[in-house]
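Asks: Provide a 3D model corresponding to the input given below.
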Amino acid sequence: MKTVEPIENHAVIGDLRTVALVALNGAIDFLCFPQFDSPSLFAALLDPEKGGYFQIAPELNGAKHKQLYLPDSNILLTRFLSGEGVAEISDFMTVGEAAGAQSLVRRVKAVRGEIRFRMVCAPRFDYGRSGHRCEGGGTEVLFTSEQAGGLAVRLFSSVPLTIENGDAIAEFCLRTNESASFVLQDAAAEVPCNADGYVSESFKSTLNFWRDWIARCKYQGRWREIVNRSALTLKMLVSRPHGSLVAAATFGLPEVIGGERNWDYRYTWIRDASFTIYALMRLGYTEEAAAFNRWIEDRCRNLKADGSLQIMYGIDGRENLTEETLGHFSGYRDSRPVRIGNGAYNQLQLDIHGELLDSVYLYDRWGEPISYDLWRDLLRMVDWVARNWQRPDEGIWEVRGGQHDFLYSRVMCWVAIDRGIRLARQRSFPAPLAKWLAARDAIYEEVHTRFWNAERGAFIQHLGATTVDASSLLMPLVRFISPTDPRWLSTLKVIGEELVDDSLVHRYRLGRAAPDGFAGQEGTFSMCTFWYAECLARGGDPLQARFVFEKMLGYANHAGLFAEQLGPSGEHLGNFPQAFTHLGLISAAYAVDHGLSKM
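Replies: This next block holds a predicted model:
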């Protein structure tokens, strides 16, 4: 059976349409193609036998594996170091002027010594559910899904290929400084990848694209390298055709080994909108912020009849994200079920209206003024929030154990109405301000009375609860409460005592918080740790904030990437890489750096 590396032993390459996960052993274990949310072409990470993979392996006894990005780029180098020789694989997906077509390029080189290699390209179409035909040989093989209207991909090689059981195989030897290349491309592409110079030209073009892009980053503070890596990672998770950001590149990776919390994150959550636009604007990426804002405008044009909003959408804005189980996949380390689609799309999560209004408010203030037509849609949305903010919902964590009156949902309803009021006043837009002010103030009073537990000295997770929730860490970050308010500092202290293990933060304590509908434990949430560091910095303790922040940076994998969670032994769990965590890292870096500079 093929050996599959742990989640954290992967880095990612991408072309602004999709992302591939490349393991330390030289295997591409995950790729949905041609788009983020297309069916998988390689998914050995979720089933080593049925998922498919694309591996290049040198025959070097006892080789050490190392992996790094070329500085300021998303071109990945995987090295194999042994007394017998040194081999190197360069992996990238083409972007830039010379790209021309959607291609995955792999170039392998013998840096030192005479080395034998084995290449296996074993695609499995439609999440491993469709068989395929394999035709060709020599230096070109065509893989065609047997599914009606299915995908076809073509593999070009600079060394001879053979076909074995529907897979393309190459066994070859390279001497010092010799190289071989493989290009996997959509068969419908018109650019001839076997043309002389294609690999070297696309390498240069792709490298120039990434270096030109990151050169526009305005961040000049501490930890610049890791902030730039997070920015480059976020850029890979943005869909160039649509302007939307996927929550993560993967589906089905478990939040706990052997558990049921295995979700599909290849969609765009409205919740991520304000954090994304905030980060992009601060880093200087106004074009990307504008593209995401246009995507948000399109969603606002299609509000529900009552003026409310769906919590997540496909990258192209589609609304139906029906959830299903891939019963034939064994799951990552036997963690089942493996799900595609996401049934939470039709949940009620009141907070997303606040995140959307906040993102529009930020863009109107720091980007370009919004249009009157968008304002008319926002007016309907704020009116809906003013009427419905008291409803119980599934909340930010998308619980499947029943609705509750969640603190975070109340706070973000306040944000939605508050940002609506601010926009109306600043732009002189027509609005029922008296009604909105009354609703906003009522929420504020309720949070400070019904959600405040004087005995615990903290804002609690939901009405009737006594426990705290890490989502409360966003209260000062969205300016609901001052970061130095005594009630907030008391809450922060309780969060530190109840949810923080060393520097790592749990989102809530299972068994004591609102039930999420699933058994078992889970790891710490990486983005919550960055929220905690930012709250410490804003609350006047930048030295402790730095301590927490830098300890958390130490949990990044070898390529500077974070999955959603960290497990008991520091292993990465959940979908990977997670956009929200890298957004949290960027925001925390700004806050902690600012706090330290004021000392």
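
Asks: Could you list the low-pLDDT ranges of the chain?
Replies: 1, 97-100, 190-195, 511-521 (pLDDT under 70).

Asks: Longest helix in it, please.
Replies: helix 407-427 (DSSP state H).

Asks: For that helix, list every residue counted as buried.
Replies: Using 16 or more other C-beta atoms under 10 Å as the test for burial, helix 407-427 gives 407-421, 423-424. Just so you know, the C-beta spots here come from the backbone N, C-alpha and C atoms, and that holds for glycine as well.

Asks: Could you do stretch 328-347 as well?
Replies: 329-332, 335-336, 338-342, 344-345, 347.

Asks: cool, stretch 379-387 as well?
Replies: Leu379, Arg380, Met381, Val382, Asp383, Trp384, Val385, Ala386.

Asks: could you dump these to CSV with secondary structure?
Replies: Listed next are these as CSV, based on DSSP: H, G, I helix; E, B strand; the rest coil:
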residue, secondary structure
Leu379, helix
Arg380, helix
Met381, helix
Val382, helix
Asp383, helix
Trp384, helix
Val385, helix
Ala386, helix
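
Asks: between the residues you listed, which is closest to Ser569?
Replies: Val385 (42.6 Å; C-beta to C-beta).

Asks: State the distance from Pro542 to Val548.
Replies: 11 Å (C-beta to C-beta, to the nearest Å).

Asks: okay, those two: which has more neighbours?
Replies: More crowded of Pro542 and Val548, by other C-beta atoms under 10 Å: Val548, with 26 against 22.

Asks: quick one, helices of this structure?
Replies: Under the criterion DSSP H, helices of the chain are mapped to 125-128, 198-214, 224-236, 272-283, 286-301, 351-366, 372-388, 407-427, 433-449, 486-498, 526-538, 542-553, 579-597.

Asks: Can you say which of those is packed in most?
Replies: Of those, the one with the most neighbours on average (mean count of other C-beta atoms under 10 Å) is helix 526-538, at a mean of 27.

Asks: Relative to the whole chain's centre, how far out is that one?
Replies: 18 Å (C-alpha atoms, centre = their mean, to the nearest Å).

Asks: helices and strands around that helix, which ones?
Replies: Applying 3 or more C-beta pairs under 8 Å, 6 or more residues apart in numbering; DSSP states H and E, one finds that helix 526-538 makes contact with helix 486-498, strand 504-505, helix 542-553, helix 579-597.

Asks: Including distance to Asn320, could the ones you listed go into JSON lines?
Replies: Shown next, in JSON lines, are those (distance: least, C-beta to C-beta, whole Å):
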{"stretch": "helix 486-498", "distance to Asn320": "37"}
{"stretch": "strand 504-505", "distance to Asn320": "34"}
{"stretch": "helix 542-553", "distance to Asn320": "37"}
{"stretch": "helix 579-597", "distance to Asn320": "22"}
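
Asks: Show me the one of those that comes nearest Arg106.
Replies: Of those, nearest to Arg106 by C-beta to C-beta is helix 579-597, at 25.5 Å.

Asks: Would you mind writing the CA trace of that closest one as PDB?
Replies: In PDB, the C-alpha atoms belonging to helix 579-597 read as follows (Å, rounded to 0.1, in the frame of the first residue of the first chain):
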ATOM      1  CA  ALA A 579      -7.500  30.600   5.300                       C
ATOM      2  CA  PHE A 580      -9.000  31.900   8.600                       C
ATOM      3  CA  THR A 581      -5.900  30.900  10.600                       C
ATOM      4  CA  HIS A 582      -3.600  32.700   8.200                       C
ATOM      5  CA  LEU A 583      -5.900  35.700   8.300                       C
ATOM      6  CA  GLY A 584      -5.800  35.600  12.100                       C
ATOM      7  CA  LEU A 585      -2.000  35.400  12.000                       C
ATOM      8  CA  ILE A 586      -1.700  38.600   9.800                       C
ATOM      9  CA  SER A 587      -4.100  40.500  12.000                       C
ATOM     10  CA  ALA A 588      -2.300  39.400  15.200                       C
ATOM     11  CA  ALA A 589       1.100  40.300  13.700                       C
ATOM     12  CA  TYR A 590      -0.100  43.900  13.100                       C
ATOM     13  CA  ALA A 591      -1.500  44.200  16.600                       C
ATOM     14  CA  VAL A 592       1.400  42.600  18.500                       C
ATOM     15  CA  ASP A 593       4.000  44.600  16.500                       C
ATOM     16  CA  HIS A 594       2.100  47.800  17.100                       C
ATOM     17  CA  GLY A 595       1.900  47.100  20.800                       C
ATOM     18  CA  LEU A 596       5.600  46.400  21.100                       C
ATOM     19  CA  SER A 597       6.500  49.500  19.100                       C
END
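
Asks: Let me know the angle separating it from helix 526-538.
Replies: Calculated by axes from the mean of the first three to the mean of the last three C-alpha atoms, to 10 degrees, helix 579-597 forms an angle of 20 degrees with helix 526-538.

Asks: anything in contact with each of Pro542 and Val548?
Replies: Leu536 (C-beta atoms under 8 Å, 6 or more residues apart in numbering).

Asks: rewinding a little: and the angle for the longest helix of the chain with helix 372-388?
Replies: 140 degrees.

Asks: Run the angle between helix 407-427 and helix 433-449 for me.
Replies: 150 degrees.

Asks: which helices and strands sit right next to helix 407-427?
Replies: In terms of contacts (3+ C-beta pairs under 8 Å, 6+ apart), helix 407-427 is packed against helix 351-366, helix 372-388, helix 433-449.

Asks: The stretch 101-250 of the chain: strands as residue ranges?
Replies: Listed in chain order, the strands of the stretch 101-250 of the chain (DSSP state E, counting those that start in this stretch) span 103-112, 115-122, 132-145, 152-164, 167-174, 179-186.

Asks: To Leu499, which of those strands lies closest?
Replies: It's strand 103-112; of those, that one is closest to Leu499 (C-beta to C-beta) at 40.8 Å.

Asks: Compute the inter-axis angle for the closest one and strand 179-186.
Replies: Using the same axes, to 10 degrees, the direction of strand 103-112 lies 170 degrees away from that of strand 179-186.

Asks: so which of the helices of the chain comes closest to Ile311?
Replies: Nearest to Ile311, of the helices of the chain and by C-beta to C-beta, is helix 351-366 at 5.0 Å.

Asks: Could you export the closest one as CSV, CA atoms only?
Replies: Taking C-alpha atoms only, helix 351-366 is exported to CSV below (Å, rounded to 0.1, in the frame of the first residue of the first chain):
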residue,chain,number,x,y,z
ASP,A,351,-23.4,36.5,12.8
ILE,A,352,-22.6,36.4,9.1
HIS,A,353,-24.7,39.5,8.5
GLY,A,354,-22.4,41.4,10.8
GLU,A,355,-19.3,40.1,9.0
LEU,A,356,-20.7,41.1,5.6
LEU,A,357,-21.7,44.6,6.7
ASP,A,358,-18.3,45.1,8.4
SER,A,359,-16.5,44.1,5.2
VAL,A,360,-18.6,46.5,3.1
TYR,A,361,-18.0,49.3,5.6
LEU,A,362,-14.3,48.7,5.6
TYR,A,363,-14.2,48.7,1.8
ASP,A,364,-16.3,51.8,1.5
ARG,A,365,-14.0,53.6,4.0
TRP,A,366,-10.6,52.4,2.7
